[in-house]
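[1] predicted model and sequence below, questions to follow.
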Amino acid sequence: MSNTTKQTNLKTTKMGSYSAFLTLVVIAFVVVINLMVGELPTTLTKFDTSSLKLYTLSNSTVQIVEGLKEDITMYYITQSGAEDVNIKEILDRYASYSDRVKIRLVDPTSNPGFIKKYTEGNLTNHSVIVESAKRYSIVSYEEIYTTEYSEEDIYNYYMTGIMPSGTQYFNGESTLTTAIDYVTSDDLPVLYIVTGHGEADVGASALADIKSENILSEELNLLTVTEIPADAGAVMLNAPTKDLTEAERDILLAYLKEGGKLILITDFEAYGETAMPNLAAIVREYGMQAEEGLVLEGNSSSYMQYPFYLLPKLNAQAELVSNLTSANITTVLLFSHGISAIEGTDIYVEGILSTSADAFAIPDIEERSEKFKDTPDQIYKKQEGDATGPFYLMASSEDTATGGKLLWVSSATFINDDVYSYNGTLFMSVLTTLCEKSSSISILGKALQIQSLVVSSAAAAFWGVVMILILPIGAAVLGLVIWNRRRKR
């Protein structure tokens, strides 16, 4: 073998050895990088590429999870290999924000006794049990995935008998964050809802929101107690139609003097100092009084142009709305009376919702209607003698010496289901503040349907010409130009 051949073989052997060594180095590097990446949280290694952002946690959730001071375990009940992608992914997101969150998959077929430790009933697949050292909470699959039907859906169902598909929502974050807050809270506040005076029912939507904030709600008949229970976060009177007794008045005043919080919602027809002197005494004790009559807007600041459907202005700087994430909300108050502060008292009164300066109050709507029955267009116009605005429609007052607080809303329908979609955000903000919850955890579910892109016929025709004719012809011409230039070289 010639020297040249030997040198060539030696060179080839060295290059091969170098290539093999370099390959091993690269493989080792990739392995190390993968191990390092595997230790990173899910938020840095898995991006939420879902079009609906199902797994992106809100700031409220992140704040709660990162602030955990005790360990919690989230047991995902699912058959092995049949995990729901959405639920599994969002659970991993929770764990990525705190080492205190542990995720455990439990197969009910191989461990049937596990569920019996938490419930005697049946628990559907894909439910989640959240547990801390204090307590546990069960989040069922039916709560995580819900379906809502619009009024149009329901109407069509009654007309055709065909079950509508409705709108499907993924409530993974809202239900799981509520469960975490529930199992880690030291004390759960109670909202006592006073009964026995012809009060209006609290709407189902409001009760659901109260529950989602981990505020317990219980009815309370003041005639059966001598004092407000010590676990009360707040007490609410929702549009009573009869007055309190003197004993009930004294119970509420004693509660307020001990730093209690009272939410009062009144009806413009039923409430008055003459009709309800005992309730009025509490209100006056806290520096406020009612303005007589039905409040109307004298300008366009009304809902659907009904002058007694008011769109009041929000004082976003008010203390009780500190939990609002945005001041850009709309509230609708129907059939309201005015509220004003009594001058010369030491009680601090703060307006939260108010009318414009063009608002006015009709003292007696029935008398006004009878007077202008032949000219009904005059009924809702300002007349001589009508009190003028602005008026408070929601106001709060505080006895700074005792810490007692009174929140007063002058519309009986404030939290009923008809208008709750407008007023719920504000109601929950003031309630959570009164109950001394540091932040609201009400989180909206995410609709699983994607809205279709609607394209007009003209736009469709235009883009059809572009895609079918212009682009192909342009590509062909460009190809001929390039071919001709190369041919001439």
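    Cool, the structure landed.
[2] mind checking the backbone torsions on Y145?
    Here is the backbone geometry of Y145 (degrees, to the nearest 10): phi -110, psi 120.
[3] run a quick neighbour tally on it.
    19 (other Cβ atoms under 10 Å). Placement of C-beta: from N, CA and C, glycine included.
[4] do the same with the one 3 residues further on
    Counted with other Cβ under 10 Å, the burial measure for E148 works out to 11 neighbours.
[5] is it in a bridge, and if so with what?
    Beta bridges link E148 to T167, judged by DSSP bridges.
[6] so what's it up against?
    Taking Cβ atoms under 8 Å, 6 or more residues apart in numbering, we find E148 in contact with G166, T167, Y169.
[7] these two touch, right, the second one and A447?
    Yes: contact status for T167 versus A447: in contact at 5.5 Å, counting by Cβ atoms under 8 Å.
[8] circling back: which of the contacts of E148 has the most neighbours?
    Y169 (18 neighbours).
[9] just how off-centre is stretch 85-96 within its chain?
    What separates the centre of stretch 85-96 from the centre of its chain is 21 Å, taken as Cα atoms, centre = their mean, to the nearest Å.
[10] what comes up buried for that stretch?
    Residues N86, I87, E89, I90, L91, D92, R93, Y94, A95, S96 are the ones in stretch 85-96 that count as buried (16 or more other Cβ atoms under 10 Å).
[11] and the residues you listed as a markdown table, adding secondary structure?
    Converted to a markdown table, the buried residues of stretch 85-96 look like this (DSSP: H, G, I helix; E, B strand; the rest coil):
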| residue | secondary structure |
| --- | --- |
| N86 | helix |
| I87 | helix |
| E89 | helix |
| I90 | helix |
| L91 | helix |
| D92 | helix |
| R93 | helix |
| Y94 | helix |
| A95 | helix |
| S96 | helix |
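[12] what's the closest of those residues to P363?
    Using Cβ to Cβ, the shortest approach to P363 within these belongs to I90, at 56.1 Å.
[13] and the closest one, how close does it get to Y286?
    45 Å (Cβ to Cβ, to the nearest Å).
[14] one more: G81?
    62 Å.
[15] quick one, which of these two is more surrounded?
    Neighbours of G81 and Y286, each counted by other Cβ under 10 Å, are more numerous for Y286; the result is 25 against 6.
[16] the more buried one against L407, yeah?
    No: at 9.9 Å, Y286 does not count as touching L407 under the criterion of Cβ under 8 Å.
[17] could you give me the buried positions within the strand or helix carrying Q289?
    In this assignment (DSSP states H and E), Q289 forms part of strand 288-291. Buried residues in strand 288-291, counting neighbours by 16+ other Cβ under 10 Å, are found at M288, A290, E291.
[18] quick one: list the elements packing against whichever helix or strand comes after it.
    Using DSSP H and E, the next helix or strand after strand 288-291 towards the C-terminus is strand 294-296. The contact analysis (3 or more Cβ pairs under 8 Å, 6 or more residues apart in numbering; DSSP states H and E) places strand 294-296 against strand 360-362.
[19] any idea of the mean pLDDT in the strand it packs on?
    Averaging pLDDT along strand 360-362 gives 89.
[20] for stretch 405-419, same thing?
    95.
[21] what is the end-to-end distance of stretch 70-79?
    Length of stretch 70-79, first residue to last, Cα to Cα, to the nearest Å: 28 Å.
[22] also stretch 58-75?
    End-to-end distance of stretch 58-75 (Cα to Cα): 22 Å.
[23] just stretch 64-81 next, same as before
    End-to-end span of stretch 64-81 (Cα to Cα): 31 Å.
[24] can you pull out the low-pLDDT segments for this structure?
    Across the chain, the ranges flagged by pLDDT under 70 are 1-55, 300-305, 438-445, 449-461, 463, 466, 488-489.
[25] just give the nearest non-adjacent residue to V194, would you?
    Sequence neighbours aside, L237 is the residue nearest to V194 in space, at 4.9 Å (criterion: Cβ to Cβ, 6 or more residues apart in numbering).
[26] after the helix or strand hosting A206 comes which helix or strand?
    In this assignment (DSSP H and E), A206 forms part of helix 204-212. Following helix 204-212 in sequence order, the next helix or strand is strand 216-221 (DSSP H and E).
[27] and that following strand, what's buried?
    S217, L220.
[28] begin at 8, not 1, for the rest of this chat.
    Right, with 8 as the first residue, what we last looked at is strand 223-228.
[29] need the contact list for the nearest residue to S224 once chain neighbours are set aside.
    With Cβ to Cβ, 6+ apart as the criterion, S224 has its nearest non-adjacent residue at 4.8 Å, and that residue is L198. Residues near L198 by Cβ under 8 Å, 6+ apart: I217, I222, L223, S224, E225, A239, G240, A241, V242, M243, L438, C442.
[30] adjacent strands (with direction) for the helix or strand that contains L198?
    L198 is located in strand 197-202, with elements delineated by DSSP H and E. Sheet pairing of strand 197-202 (DSSP bridges) gives strand 223-228 (parallel), strand 239-245 (parallel).
[31] from the chain's centre, how far out does the longest one sit?
    Read that as strand 239-245. Relative to its chain's centre, strand 239-245 lies at 21 Å (Cα atoms, centre = their mean).
[32] buried sites along it?
    Quick answer for strand 239-245 (16+ other Cβ under 10 Å): A239, G240, A241, V242, M243, L244, N245.
[33] does the second one touch L441 like I think?
    Yes: in this structure G240 lies within contact range of L441 using Cβ under 8 Å: 6.9 Å.
[34] overlap in contacts, these two.
    K268.
[35] next, T395: phi, psi?
    Main-chain dihedrals, T395, degrees, to the nearest 10: phi -110, psi 160.
[36] nearest spatial neighbour of it, chain-adjacent residues omitted?
    Nearest non-adjacent residue to T395, counting by Cβ to Cβ, 6+ apart: F367, 5.2 Å away.
[37] quick one on the thing from earlier: in a markdown table: the strands paired with strand 197-202, plus distance to V472.
    A markdown table is the format used below for the strands paired with strand 197-202 (distance: least, Cβ to Cβ, whole Å):
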| stretch | distance to V472 |
| --- | --- |
| strand 223-228 | 62 |
| strand 239-245 | 62 |
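[38] tell me which of these lies nearest to D274.
    With Cβ to Cβ as the criterion, D274 lies closest to strand 239-245 of the strands paired with strand 197-202, at 9.9 Å.
[39] quick check: next helix or strand after that closest one?
    Per DSSP H and E, the first helix or strand lying C-terminal to strand 239-245 is helix 253-264.
[40] how far is that next one from where the chain is centred?
    Taking Cα atoms, centre = their mean, one finds helix 253-264 lying 33 Å from the centre of the chain it belongs to.
[41] just the CA coordinates of the helix or strand just after it, formatted as PDB?
    As assigned by DSSP H and E, the chain's next helix or strand after helix 253-264 is strand 268-272. C-alpha atoms of strand 268-272 as PDB (Å, rounded to 0.1, in the frame of the first residue of the first chain):
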ATOM      1  CA  LYS A 268     -72.200  45.800  57.100                       C
ATOM      2  CA  LEU A 269     -75.800  46.300  55.900                       C
ATOM      3  CA  ILE A 270     -76.900  46.200  52.200                       C
ATOM      4  CA  LEU A 271     -80.300  47.800  51.700                       C
ATOM      5  CA  ILE A 272     -82.200  47.700  48.400                       C
END
